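> Predicted coordinates and the sequence they were generated for:
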Amino acid sequence: MRSRPQLVRSLSLSFFVALVFASGAFAEAPIPIDYDYGDSALSLSALGAENPVEFQGRLTRPATMDGVHPIVVLLHGRHSTCEGPFGETLRWPCAGSEQPTPSHLGYDYLAEALANKGIVVISISANG
C-alpha cells in the first residue's frame, strides 16, 4: 500500500509528464530528462510529515515520440539517503557537506531498456 507522500509524488509527476507532453519538449535524440526541485521542494506537513520531501527524478523517453506511449513509474530509495565524508546516513534532509543519494538513477539500466521498447519511464528518488 502506498503512503501519502508516495501518492503525492506519483500524482505530481503525472502532472509534470502531462506538461512535458503538451509542450512538445522532446528532442529527437534518446536522452534522459533530469529534474531536481531540491530537498525541500515539497512540504507534506498537512499530512503529518515533519521533514521536507525531496523532489528529484529522471524521465527517459523513446527516441521517437510518434503516437501514444505507455508510462512506467519507478520509485527507488529508502535506504541510505545521504552520502558524506564519514559514509552514508539515514537522516533527511542531508546535513553539512552530505549530498543526497541519487536513488532515482538506480534503475537507469531498466529505464533505458524500456525506452528502447517504446515506453516512457519516470524514475523518482524516495529520499525524505
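Good, I have the coordinates.

> Please make it C-alpha for all contacts and neighbour counts, starting now.
Fine.

> how close does the closest residue to Asp36 other than its chain neighbours get to Gly48?
Spatial nearest neighbour of Asp36, chain neighbours left out: Gln56 (4.3 Å); criterion: CA to CA, 6 or more residues apart in numbering. Here Gln56 is placed at a distance of 21 Å from Gly48 (CA to CA, to the nearest Å).

> In terms of neighbours, single out the busier of those two.
Gln56 (22 against 9; other CA atoms under 10 Å).

> so that one makes contact with His104?
Yes. Using CA atoms under 8 Å, Gln56 makes contact with His104 at a distance of 7.3 Å.

> All the helices of this structure, in order from the start?
Using DSSP state H, the helices of the chain run over 4-23, 108-116.

> ok, of those, where does mean pLDDT dip lowest?
Of all the helices of the chain, mean pLDDT reaches its minimum on helix 4-23 (a mean of 50).

> How much space separates the residue nearest to Asp36 from Gly96?
Applying CA to CA to Gln56 and Gly96 gives a distance of 20 Å.

> re the thing from before, give me the distance between the residue nearest to Asp36 and Asn127.
Following CA to CA, the distance that separates Gln56 from Asn127 is 9 Å.

> Who are the contact partners of Ala115?
Listed by CA atoms under 8 Å, 6 or more residues apart in numbering, the contact partners of Ala115 are 60-63, 121.

> Can you report how many residues lie near Ala111?
26.

> what do you get for the one 5 residues further on?
A total of 16 residues lie near Asn116 under the criterion other CA under 10 Å.
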